[in-house]
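S.K.: Sequence plus the predicted model coming up.
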Protein chains: 2
Amino acid sequence: MSEMNIPQSSFPRVIIIGGGFGGIALAKKLARKEVQVILLDKHNYHTFQPLLYQVSTGGLEPDSIAYPIRKVLQGYSNFFFRLAEVLQVDTSAQTLQTNIGKIAYDYLVVATGSETNFFGNQNIMENSMAMKSIPQSLNLRSLILENFEQALLTDDLHERDALMNFVIVGGGPTGVELAGALAEIKKGILPKDYPDLDTRRAQINLVQSGDRILPAMSPVASEKAEKFLEKLGVQVWKNTRVSDYDGKTIATNTDTTFDAATLVWAAGVKAVTLKGLDAETLLKRGGRLPVNAFHQVEGFENIFAIGDVAQMTSEEFPKGHPMMAQPAIQQGESLGNNLLHLIENKEMQPFAYKDKGSMATVGRNKAVVDLKSFKFQGVFAWYVWMFVHLYFLIGFRNRVVVFINWVYNYIKFDREARLIIRPFKKTYKVSERSEVV
Amino acid sequence: MSEMNIPQSSFPRVIIIGGGFGGIALAKKLARKEVQVILLDKHNYHTFQPLLYQVSTGGLEPDSIAYPIRKVLQGYSNFFFRLAEVLQVDTSAQTLQTNIGKIAYDYLVVATGSETNFFGNQNIMENSMAMKSIPQSLNLRSLILENFEQALLTDDLHERDALMNFVIVGGGPTGVELAGALAEIKKGILPKDYPDLDTRRAQINLVQSGDRILPAMSPVASEKAEKFLEKLGVQVWKNTRVSDYDGKTIATNTDTTFDAATLVWAAGVKAVTLKGLDAETLLKRGGRLPVNAFHQVEGFENIFAIGDVAQMTSEEFPKGHPMMAQPAIQQGESLGNNLLHLIENKEMQPFAYKDKGSMATVGRNKAVVDLKSFKFQGVFAWYVWMFVHLYFLIGFRNRVVVFINWVYNYIKFDREARLIIRPFKKTYKVSERSEVV
């Protein structure tokens, strides 16, 4: 395998795999320091995942929640970006094999994040929609719109209902926010866009395995979010596990079934593992890499993991930190400092997670916020949610464009990015289903 | 074939095929009138084609130059939109066959526009990029970025140069504007994004068959635009026809050849024809439908054509009106009035084209404008160009978002939508080429 084309440097070489929240935060810390930094990612952009559901529902353009990675690294002569997929890590030779060649590292940082976890259910994986990346979110946007266009064409009421039945599995922030957005589309846009379709029959179902939605938040947030959703017309199914989906009918562990053309799977994530670092003895629950308080992967001194892929356990977090943006950002910053300490033979500082709280929006004027000492819900929470998301969005232009879209959508009860630019073309037909049965 | 699911109406039924400039202008004229209007389009959005080159070059998001057709038609109870492809017209039965069923019309309006004309050259069609639709423009955006990522990976200087060699065929506004935008990217973005690549070697070539670029504009505009391009570093090849492209080497009618990974074909368009209305005896040059001064297709009283697909000849326009937005919009409006006259048995008014002038932008602070009595070039022309494009863009939100992007891009010398969201994956390898030869 050929060598990757990167200039030699007298500085130690740090390779970061992944340009998500953790990888970018780390890279920024290493800017203009005496290290050579190589960032590898499959995409040439950073994705602001918390707003993917707004892309799926036509509220925001994909381009305004993505940011070119090269632009983040602009102006730092010690930085190199390569669009590459890592195929394997050779920890003894300290090299990576990628689809664009081999490369040696002095320090390796795994920041590969997480992907949708279908828990081994092949049927669900093949027939449902995931929402962890921009292309996936655009596919979902196309499918939602195609469903309504198709619903217009049939006289079969059962088929029409199934095309307008959206089942979201997973009561975390992603599921809750998507359900809320769909409910607002049903209320504000569908009657105007489809006057010749009885869109009151459209259904939004949110299915949650546990006994409350937003289980990582406070009980009062869960309760309030559920009330908000019900007010918007979302049906919340608690203590219900989806067990199968053939593309037509969704089966659960209870008597409830759903005939639906669309199943959005937001029920779990798992770490993205790397060949060479995926020994069963090494990996923890969800495929996460166990790391010590200095982000070092168990058994290695020069291999680190941060973000969703890392599991740093403590008394407070026996299962590791939540798989969210905040821990990833803080870990990236912490590792940046520790790496420089390690190289300079200074003492590393153990990571301490500062819980800045968590939040979820349910829809127009409706959000829930949990801070350490203060929990609140409603309009003010909604403003806080918007402010925080704008603040953490990368790029000034993105912030302005997102802000303007939000103001416009709010005033006009609208979402103008309802475009089928690349059709997803999943067809749903009752007739086909009967053949299957 | 099943019937399309549209309610019967006591009003005469007008079917418009195509939601471009002409179709939308016509539809607006028929709002709240005593006709049933059915608009059919392959896409659920209207495309503002004059700004496609900015999507290809990362200056604008695709969503801000597209507009949901359903939103244009919102609130008019006599309007129906269907996402459909028309397969055939049966002019004697007065029906259309589409991929979603059959439908009868009282009046038919063909507003199908135009597509890229490769003049029958299969090699060029397979290996070059077109830029007539949003998906095509996004493919070109991906390819441009992928080329630079790939150029980083090779030590073969010839291959690297070819990956950074962009050849645009066609010296009309599309070719000129794309060449200018690429030249600005080369100057403002490439050196910052690719510090480890000698991007000064990137080339932008504009190939024009005639003896001047912008041949539809005044000689002074052509001359000035060429000067602007040369100042930006674009090489303009006049009196040169591209004759072949195998994906590696571009052959011309002269001794000049180009080794290039990217050929953008903007050298011509042809009307999109419809089966049943495509008799050789009927069609004119470029596949256009001959229409009389009331937009009636030759030989029919209730079939009309407007925009690029229509050819209305006159003393002033012996080859028909230019295939541009302005004639399409004016024809749509004129036909709207005439259709209502026809239905009410009033006299129709012959169409008279008001030439509002033409313009093209070459880059930052550089444009050329031809008005009837006044021709000007430079900064003021550039402001006029921007104002006119914002004015004709559909949708308030789109205008604001485009305006903000332009201001941002101007101040920062930047284009942030440089994202490879769906890779195009055209690979260019010198080694492969040698095998072919």
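M.R.: Noted; the coordinates are in hand.
S.K.: Just to be sure, residue A:166 is in a strand?
M.R.: Yes. Read with DSSP: H, G, I helix; E, B strand; the rest coil, residue A:166 is one of the residues of a strand.
S.K.: tell me the contacts of it?
M.R.: A:144, A:182, A:202, A:203, A:204, A:205, A:260, A:262, A:264 (CB atoms under 8 Å, 6 or more residues apart in numbering or on different chains). C-beta here means a position set from N, CA and C on the backbone, and glycine is covered the same way.
S.K.: possible to save those as JSON lines with secondary structure, neighbour count and distance to chain B?
M.R.: Supplementary listing: the contacts of residue A:166 in JSON lines, determined by DSSP: H, G, I helix; E, B strand; the rest coil; neighbours: other CB atoms under 10 Å in any protein chain shown; distance: CB to the nearest CB, whole Å:
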{"residue": "A:144", "secondary structure": "helix", "neighbour count": "23", "distance to chain B": "12"}
{"residue": "A:182", "secondary structure": "helix", "neighbour count": "27", "distance to chain B": "17"}
{"residue": "A:202", "secondary structure": "coil", "neighbour count": "24", "distance to chain B": "15"}
{"residue": "A:203", "secondary structure": "strand", "neighbour count": "18", "distance to chain B": "21"}
{"residue": "A:204", "secondary structure": "strand", "neighbour count": "24", "distance to chain B": "20"}
{"residue": "A:205", "secondary structure": "strand", "neighbour count": "20", "distance to chain B": "25"}
{"residue": "A:260", "secondary structure": "coil", "neighbour count": "23", "distance to chain B": "21"}
{"residue": "A:262", "secondary structure": "strand", "neighbour count": "24", "distance to chain B": "17"}
{"residue": "A:264", "secondary structure": "strand", "neighbour count": "27", "distance to chain B": "20"}
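S.K.: I'd like these as CSV, with pLDDT appended.
M.R.: Shown next, in CSV, are the contacts of residue A:166 (pLDDT from 0 to 100):
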residue, pLDDT
A:144, 97
A:182, 98
A:202, 97
A:203, 98
A:204, 98
A:205, 98
A:260, 97
A:262, 97
A:264, 98
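S.K.: so which of those comes closest to residue A:4?
M.R.: residue A:264 (37.8 Å; CB to CB).
S.K.: Quickly list what the closest one is bridged to.
M.R.: Partner residues in beta bridges with residue A:264, using DSSP bridges, are residue A:129, residue A:168.
S.K.: Residue A:305 now?
M.R.: The residues paired with residue A:305 through beta bridges, assigned by DSSP bridges, are residue A:110.
S.K.: And for it, the neighbour number?
M.R.: 30 (other CB atoms under 10 Å in any protein chain shown).
S.K.: That one is in contact with residue A:287, isn't it?
M.R.: No. Counting by CB atoms under 8 Å, residue A:287 is not a contact partner of residue A:305; they are 11.3 Å apart.
S.K.: Can you give me the buried ones in stretch A:392-403?
M.R.: In terms of neighbour count (16 or more other CB atoms under 10 Å in any protein chain shown), stretch A:392-403 has its buried residues at A:393, A:394, A:395, A:397, A:398, A:399, A:400, A:401, A:402.
S.K.: Generate JSON lines for these, with secondary structure as supplementary columns.
M.R.: JSON lines is the format used below for these (three-state DSSP):
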{"residue": "A:393", "secondary structure": "coil"}
{"residue": "A:394", "secondary structure": "coil"}
{"residue": "A:395", "secondary structure": "coil"}
{"residue": "A:397", "secondary structure": "helix"}
{"residue": "A:398", "secondary structure": "helix"}
{"residue": "A:399", "secondary structure": "helix"}
{"residue": "A:400", "secondary structure": "helix"}
{"residue": "A:401", "secondary structure": "helix"}
{"residue": "A:402", "secondary structure": "helix"}
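S.K.: what about stretch A:80-94, average pLDDT?
M.R.: Over the span of stretch A:80-94, the pLDDT mean works out to 97.
S.K.: can you check stretch A:321-341 too?
M.R.: This predicted structure assigns stretch A:321-341 an average pLDDT of 97.
S.K.: which parts of it are buried?
M.R.: A:321-340.
S.K.: and what of stretch A:156-169?
M.R.: Judged by neighbour count using 16+ other CB under 10 Å, the buried positions of stretch A:156-169 are A:159, A:160, A:161, A:162, A:163, A:164, A:165, A:166, A:167, A:168, A:169.
S.K.: What of stretch A:361-368?
M.R.: By 16+ other CB under 10 Å, the buried positions in stretch A:361-368 come out as A:361, A:362, A:363, A:364, A:366, A:367, A:368.
S.K.: partners of the helix or strand hosting the last one in the sheet?
M.R.: In this case it means residue A:368. In the assignment (DSSP states H and E), residue A:368 maps to strand A:366-370. If you go by DSSP bridges, strand A:366-370 pairs up with strand A:358-363 (antiparallel), strand A:375-377 (antiparallel).
S.K.: Could you export the ones you listed as a markdown table, including mean pLDDT?
M.R.: Formatted as a markdown table, the entries for those read as follows, by pLDDT from 0 to 100:
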| stretch | mean pLDDT |
| --- | --- |
| strand A:358-363 | 95 |
| strand A:375-377 | 97 |
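S.K.: Now render those strands as TSV, adding distance to residue A:408.
M.R.: Below are those laid out as TSV (distance: least, CB to CB, whole Å):
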stretch	distance to residue A:408
strand A:358-363	16
strand A:375-377	25
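S.K.: Out of the ones you listed, which is closest to residue B:98?
M.R.: Go through the strands paired with strand A:366-370 one by one with CB to CB and the one that ends up closest to residue B:98 is strand A:358-363, at 37.0 Å.
S.K.: show me where pLDDT drops low in chain A?
M.R.: Counting by pLDDT under 70, chain A shows low-confidence ranges at A:1, A:426-437.
S.K.: Let me see the ranges of the helices in it.
M.R.: A:21-29, A:52-56, A:69-72, A:122-127, A:134-151, A:157-163, A:173-188, A:190-193, A:219-231, A:325-343, A:379-392, A:396-412, A:430-436 (DSSP state H).
S.K.: Go through the ones you listed and pick out the most buried.
M.R.: Using mean count of other CB atoms under 10 Å in any protein chain shown, the stretch among the helices of chain A with the greatest mean number of neighbours is helix A:52-56 (a mean of 27).
S.K.: Tell me if that helix is near chain B.
M.R.: No. Contact between helix A:52-56 and chain B is absent, the nearest approach being 9.6 Å (criterion: CB under 8 Å from any CB of the partner chain).
S.K.: Who are the packing partners of that helix?
M.R.: helix A:134-151, helix A:173-188 (3 or more CB pairs under 8 Å, 6 or more residues apart in numbering or on different chains; DSSP states H and E).
S.K.: Quick one: name the residues of the stretch 251-400 of chain A near chain B.
M.R.: For the stretch 251-400 of chain A, the residues in contact with chain B under the definition CB under 8 Å from any CB are A:395, A:396, A:397, A:398, A:400.
S.K.: doesn't residue B:416 make contact with the first one?
M.R.: The reference is to residue A:395. Yes. Taking contacts as CB under 8 Å, residue A:395 lies within contact range of residue B:416: 6.5 Å.
S.K.: Next, show the common contact partners of those two.
M.R.: In the contact map built from CB under 8 Å, 6+ apart, the residues linked to both residue A:395 and residue B:416 are A:67, A:71.
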